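**Q** With the input below, show me the fold.
(one chain, ligands or ions: 1)
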Amino acid sequence: MVSPRPSQAALARSASTSVLHRQLNKTYPRAVSAQGAFLYDASGKDYLDASGGAAVCALGHRHPRVIDAIKAQLDTLAYAHSAFFTSDAAEELGDWLVRRAPLGFGRVMFVSGGSEAVEAAVKLARQVHYERGDTGRVHFIARRQSYHGNTLGALALGHHPARRAPYEGLIGRFPVSHIAPCYAYRHQRPDETAEVYGLRAAAELEAEILRIGPEQVAAFVAETVSGSTIGAAPPAPGYLAHIRRICDKYGVFLILDEVMSGMGRTGHLFACAEDDVSPDFIAVAKGIGAGYQPIGAMLARDEHVQTITKGSGALAHGHTYMAHAAACAGALAVQRVIEDEDLLPRVRASGARLRTMLSERLGDHPNVGDIRGRGLFLAMEFVADRESKTPLNPRRKFAATLKDVAMENGLICYPASGTADGVSGDHVLLAPPFNISEDELTLLVERLGRSIEESLAQTTP
Ligand code: PLP
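**A** Okay, the predicted model is just below:
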């Protein structure tokens with residue numbers, strides 16, 4: 001493992017910033033290099049990247065094949081505007097994805113990130129209704145405690161009170177209503193099986209479609225596995241299949257947001273494959289480029305693309321950096337590595353192993369209410385009391401403390417506090433690289449366990 005020496009100049013630069021970061025009154029350590037599962041700051045300190053930032057770094061850092069592919073692409077063609085050209089990199093990545101996507105997905109739009117992928121899905125869904133003459137379908141249904149991105153449209157779909165607050169007057173004009181998420185730990189009743197709960201949770205969609213009026217509803221949008229706002233909460237058995245049936249019954253499109261959960265993170269390239277459900281549109285990002293290049297993608301079912309092809313013949317949506325050649329080349333290399341190194345079975349095995357290790361180390365902890373997830377997309381929810389599932393007091397800011405303490409202890413994880421409805425606790429999301437080793441998993445659990453203990457000591461009376 002390479003442990004780089006920081007230059008004096010890099011050390012000197014780490015104290016001040018001209019860059020706007022989200023936390024304005026905080027000093028961020030300066031990341032200067034990375035290798036495998038580790039990042040290094042300007043002082044030479046190592047950080048085990050147990051969440052890939054925000055579930056981004058699927059292959060860890062500095063994978064030589066990905067770097068070589070990007071360099072080779074830059075040596076030939078970095079960028080050609082998609083209104084004038086296509087490129088080998090974009091076409092090969094598109095073919096690669098549609099050959100592995102659920103049946104019937106023949107076309108992909110490449111964008112620069114998750115919010116753009118979600119916006120593209122929403123706008124295409126609406127355009128398809130429009131071109132069919134179904135002009136009344138403008139209403140979208142999404143779920144509480146969800147996150148779909150930070151652009152105004154994606155923000156309206158999501159349900160993140162803090163991020164929405166300054167913009168309520170704007171996003172309130174986008175017709176979106178919200179139903180409950182599928183969140184078994186909080187919502188499944190003691191006398192219910194997981195299957196019965198899944199049907200009950202899905203039935204909320206039907207009730208909402210009928211309340212709005214089916215002829216007005218364009219699409220239902222949901223994360224396949226809820227990511228940052230609930231913490232790796234998978235759908236109950238049968239939930240998504242029932243959602244699909246309800247959407248079909250009323251001509252409502254199903255948009256699955258796999259920005260966090262997709263591209264292998266759950267052990268399946270498309271997370272919905274595990275539920276045997278095929279949506280109308282899929283948004284992916286993060287893991288598709290694994291952090292080597294900023295890229296997202298929106299996949300659309302053939303019949304929807306056909307509707308537009310036979311109608312106006314043009315997408316009413318696009319961006320300057322669509323299908324960026326260097327970004328596509330990087331993402332293609334990432335996807336090839338995942339297949340050549342047989343990483344999807346490894347994600348499932350390492351995910352099961354990590355879950356066992358977390359249960360052994362923390363499963364009996366009085367403040368750990370739930371350990372859940374799929375593949376290497378895992379989360380722990382923290383409570384004040386396991387019996388009653390009472391959340392930790394939000395004023396004590398456990399999640400924010402855990403993030404800082406973990407950084408002190410050389411661990412990058414993704415804690416968040418229950419953000420809506422006051423019915424979820426603080427949680428921490430884990431999304432380590434697909435090729436993480438057994439020793440690194442051990443180190444992860446050790447650093448995380450210590451960080452949790454220290455954070456609880458700092459935030460509970
Ligand atoms: N959708 C989900 C489920 C996400 O988790 C995120 C980001 O965390 C987004 C969309 C937005 O992606 P981006 O930050 O790349 O715009």
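**Q** Might you enumerate the residues of the chain proximal to the ligand?
**A** Residues of the chain lying close to the ligand (Cβ under 6 Å from any ligand atom) are 54, 113-115, 118, 147-150, 223, 227-228, 257, 259-260, 285. Every residue, glycine included, has its C-beta placed from N, CA and C.
**Q** Which of the residues you listed has the largest number of neighbours?
**A** Of all the residues of the chain next to the ligand, residue 257 has the most neighbours under the rule other Cβ atoms under 10 Å, reaching 33 neighbours.
**Q** Please verify my assumption that it contacts residue 281.
**A** No: counting by Cβ atoms under 8 Å, no contact exists between residue 257 and residue 281, whose distance comes to 9.4 Å.
**Q** And the pLDDT at whichever residue of the chain sits closest to the ligand?
**A** When scored by Cβ to the nearest ligand atom, the chain has residue 114 as its residue closest to the ligand, at 2.1 Å. Here the pLDDT value assigned to residue 114 is 98.
**Q** what's the domain layout of this structure?
**A** In the assignment given by automatic domain parsing, the structural domains of the chain cover 8-62+344-459, 66-340.
**Q** returning to that earlier point: kindly point out which residues are neighbours of both of residue 257 and residue 281.
**A** Common contacts of residue 257 and residue 281 (Cβ atoms under 8 Å, 6 or more residues apart in numbering): residue 121.
**Q** Helices of the stretch 151-300 of the chain, residue ranges please.
**A** Along the stretch 151-300 of the chain, the segments classed as helices by DSSP state H, counting those that start in this stretch run 152-157, 161-164, 168-171, 184-187, 194-212, 239-250.
**Q** Where among those is average confidence lowest?
**A** helix 161-164 (a mean of 82).
**Q** before we move on, the earlier item: would you mind finding the most buried of the domains of the chain?
**A** By mean neighbour count, with neighbours taken as mean count of other Cβ atoms under 10 Å, domain 66-340 ranks first of the domains of the chain at a mean of 20.
**Q** sorry, back to before: if you average pLDDT over each of the domains of the chain, which is lowest?
**A** Lowest mean pLDDT of the domains of the chain: domain 8-62+344-459, a mean of 92.
**Q** how far out from the middle of the chain is it?
**A** Relative to its chain's centre, domain 8-62+344-459 lies at 15 Å (Cα atoms, centre = their mean, to the nearest Å).
**Q** Stretch 203-214 now?
**A** In terms of Cα atoms, centre = their mean, the gap separating the centre of stretch 203-214 from the centre of its chain is 26 Å.
**Q** Give me the residues contacting it.
**A** Counting by Cβ under 8 Å, 6+ apart, the neighbours of stretch 203-214 from elsewhere in the structure are 139, 141, 177, 179-180, 217, 220, 242-243, 246-247, 249-252.
**Q** can we see that at 6 Å?
**A** 139, 141, 179, 180, 217, 220, 243, 246, 250 (Cβ atoms under 6 Å, 6 or more residues apart in numbering).
**Q** Residue 155 contacts residue 172, correct?
**A** No: taking Cβ atoms under 6 Å as the definition, residue 155 is not a contact partner of residue 172, at 10.9 Å.
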